[in-house]
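K.L.:
need a structure here:
(chains A and B)
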2 protein chains.
Amino acid sequence: MNRQWLIDGQPRGRAMRESDFKEQSIELAPLGADCARVKVEVLGFDPSMKGQMENIGYAAATSQGDVMGANGIGEVVESNDPGLKVGDKVTGRLCWQEYATVRARDVQTVPNDDLLTARLGPLGGTGLTAYFGLLRHGRPQPGDTLVVSGAAGATGSIVGQLGRLAGCRVIGIAGGEKKCRWLVDELQYNGAIDYKNELLKVRLKELCPGGVDVFFDNVGGAILNDVLARIALGARVVVCGGISRYEAEDLPAGPANYMNLVFQRATMAGFLVTDYASEFSRAHRRLEAWLRSGELQYREDVQEGFENIPATLLRLFSGKNFGKQLLRL
Amino acid sequence: MNRQWLIDGQPRGRAMRESDFKEQSIELAPLGADCARVKVEVLGFDPSMKGQMENIGYAAATSQGDVMGANGIGEVVESNDPGLKVGDKVTGRLCWQEYATVRARDVQTVPNDDLLTARLGPLGGTGLTAYFGLLRHGRPQPGDTLVVSGAAGATGSIVGQLGRLAGCRVIGIAGGEKKCRWLVDELQYNGAIDYKNELLKVRLKELCPGGVDVFFDNVGGAILNDVLARIALGARVVVCGGISRYEAEDLPAGPANYMNLVFQRATMAGFLVTDYASEFSRAHRRLEAWLRSGELQYREDVQEGFENIPATLLRLFSGKNFGKQLLRL
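P.N.:
Numbering: from 1, shown residues only, chains lettered A, B, ... in the order given. Take a look at the predicted model:
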């Protein structure tokens, strides 16, 4: 039997609920020619999964009744595909289920080493998003002040460290003292703002006296607006995500301070990491080297159990996760 | 005697009123060494004059009690400055008054030809704003669809025509049938949308089936938001002004659809024309050549009389002006 979670709701314009998914168990079909069966071991979670369900522009749109899409890591347990052999660890779009049927071209075989699960985080789409978003669109320069929102999140934490490697002063915005302490003590950010317990406007002024040269935004809403009020001349605002918007019933207002782009001759740009596919392998090699040398650190938040998959996705939207959200089946 | 209009109110966060200005008459002081006296003949008006009064980021901030700042054209009527002689026509920051006392370095001597008043419009800051904003930040390419808001305004009308010269399909958004007809019949725009009498969203969809590659925005508010919903892949949104915001009591919300910058990998940028000062003379020569050949057309809205100066500024904010707003003293 194969247990699966199907999409059973459309969360467009409202918060997601566990009831947007329903479980089913189906017979495993006999394995076709050129196919392999993968036992799913770990799943990765990402705020854009809500965007996919809403079909609001991300690539991998999904519909009601589909097995919920997700990247994962698994082990090949049966194979008719000469490109995959039993025991191989693979990563790819394995979805919310116990067994995925794949072809070699759909997945990537990865070494079963201590960076195995990192391939869903800093060595996966998350790390690549941080890399291309910051380096191509933020264009950090030594001496720049870089502000990152969602700074303790999977993407934000890599962005801040890449900014440090690029010679920036890095200020992170995160929710809670524990996350902020991690940013400063472990990741060597130059400062952190706990937006839940501190006054963002006041602290931004204190920590960014010369203004914000690069803002990498994962959050949107009031945070984006307050940072726009403090951008420096020629600032680059990189719009990566807007997790503050995902829980809203109505589409929330945009940033009223956007006109400051004029006075500061600044740029606000969006991007999708998929555009850089031709450069992934080089970026990947660099990220892996930094991870192995300890120049890049990361954290994983690992939940457990097939039955907890929907609840684990919801953790992202209330900021409960600390580090890359994973679940081990 | 010299009649002047002084700033007597702070319109920050509210609509401007005629009572934000008060008239005074003062004795003309004897002319100093190295100075010249200019009789002001024509004044130019611009939405950013409200921004200047609010000190919200534009260069030439002004304060209560100052003579209101403005560019103008006048004639030298008395001179102790060897660089200026009686009868010269000059342009510069002459302000809301009958006589300005200037030095040669503060003003530019201009030929007394049929383009005299154009030096306050298409050959002044207005034309240069259109030129650098569109060509440097919009980066129009042949085949692009360019949308301009405030398209019949002084800046917008030049932007659309420059876009036509660059090989774009040009769609203008303006208020009223008369302005829209002018855009299509005279300026050869490919289409116009009367946002006061047509459904902007519907018409944008009809007129821009492939999306909007370049949006040059003078208006902000709902217009910016609706165009953001229709940007094409890799679009460039140029934020030039936000006249819809100038009349608001509270700072209006920003564009809720800004997240579409992500899905379309698009850029929204602001600029100030003063950054391009080193290239003004070349741009000026090109603009003048296009005006003389008829490839660029422009329109002036000329009011009359010193006493009508404040009311003339207010015309801009209700869209009463049709063409560059001028006043002849």
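K.L.:
okay, now the residue nearest to A:Pro142 when sequence neighbours are not counted: neighbour count?
P.N.:
In space, and not counting its chain neighbours, A:Pro142 is closest to A:Gly167: 3.0 Å by C-beta to C-beta, 6 or more residues apart in numbering or on different chains. C-beta coordinates here come from the backbone N, C-alpha and C atoms, glycine included. When neighbours are defined as other C-beta atoms under 10 Å in any protein chain shown, A:Gly167 has 12 of them.
K.L.:
residues in contact with A:Gly167?
P.N.:
When contacts are counted by C-beta atoms under 8 Å, 6 or more residues apart in numbering or on different chains, A:Gly167 touches A:Pro140, A:Gln141, A:Pro142, A:Gly143, A:Asp144.
K.L.:
buried members of these into ChimeraX, please.
P.N.:
Remark: buried members of those, expressed as a ChimeraX selection using 16 or more other C-beta atoms under 10 Å in any protein chain shown:
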select /A:140,144
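K.L.:
which ones among the contacts of A:Gly167 are found in strands?
P.N.:
Of these, none are assigned to strands by DSSP state E.
K.L.:
which of the contacts of A:Gly167 sit farthest apart?
P.N.:
A:Pro140 and A:Gly143 (9.5 Å; C-beta to C-beta).
K.L.:
what residues are shared contacts of the two?
P.N.:
Residues touching both A:Pro140 and A:Gly143 (C-beta under 8 Å, 6+ apart) are A:Gly167, A:Cys168.
K.L.:
can you count the residues close to A:Asp226?
P.N.:
Count around A:Asp226 with other C-beta under 10 Å applied: 21.
K.L.:
residues in chain A within reach of chain B, list them.
P.N.:
Proximity of chain A to chain B, by C-beta under 8 Å from any C-beta of the partner chain, involves residues A:56-58, A:220, A:225, A:239-242, A:245, A:251-272, A:275.
K.L.:
what are the ranges of the helices in chain A?
P.N.:
For chain A, helices defined by DSSP state H occupy the ranges A:48-54, A:125-132, A:154-165, A:177-185, A:200-207, A:221-228, A:243-246, A:260-263, A:280-293, A:309-317.
K.L.:
what helices or strands is the first one leaning on?
P.N.:
Other elements packing on helix A:48-54 under the criterion 3 or more C-beta pairs under 8 Å, 6 or more residues apart in numbering or on different chains; DSSP states H and E are helix A:309-317.
K.L.:
what about the helix it packs on, average pLDDT?
P.N.:
Across helix A:309-317, the average pLDDT comes to 95.
K.L.:
residue contacts, the nearest residue in space to A:Leu272 that is not next to it in sequence?
P.N.:
Excluding the flanking residues, the one nearest A:Leu272 by C-beta to C-beta, 6+ apart is B:Arg265, at 6.0 Å. With C-beta under 8 Å, 6+ apart as the criterion, the residues that contact B:Arg265 are A:Ala269, A:Gly270, A:Phe271, A:Leu272, A:Asp275, B:Leu233, B:Gly234.
K.L.:
7 Å - rerun?
P.N.:
Shown in contact with B:Arg265 (C-beta atoms under 7 Å, 6 or more residues apart in numbering or on different chains): A:Gly270, A:Phe271, A:Leu272, A:Asp275, B:Leu233, B:Gly234.
K.L.:
quick one, phi psi at the closest residue to the fourth one other than its chain neighbours?
P.N.:
Here the nearest residue to A:Asp275 in space, its sequence neighbours aside, is B:Arg265; by C-beta to C-beta, 6+ apart that works out to 6.2 Å. B:Arg265 adopts backbone torsions of phi 50, psi 50, taken as degrees, to the nearest 10.
K.L.:
give me the pLDDT value at B:Arg265.
P.N.:
91.
K.L.:
and if you look at the one 5 residues further on?
P.N.:
Turning to B:Gly270, the model gives it a pLDDT of 94.
K.L.:
pretty sure it is touching B:Val239, no?
P.N.:
Yes - look at B:Gly270 against B:Val239 with C-beta atoms under 7 Å: they come within range, at 4.5 Å.
K.L.:
intersection of neighbour lists for the two?
P.N.:
With C-beta under 7 Å, 6+ apart as the test, B:Gly270 and B:Val239 both reach A:Leu261, A:Val262.
K.L.:
related to what we said a few turns ago, are any of the residues of chain A next to chain B buried, and which?
P.N.:
A:57-58, A:220, A:225, A:239-242, A:245, A:253-272.
K.L.:
which ones among these are found in strands?
P.N.:
Checking these against DSSP E, those in strands are A:Val239, A:Thr267, A:Met268, A:Ala269, A:Gly270.
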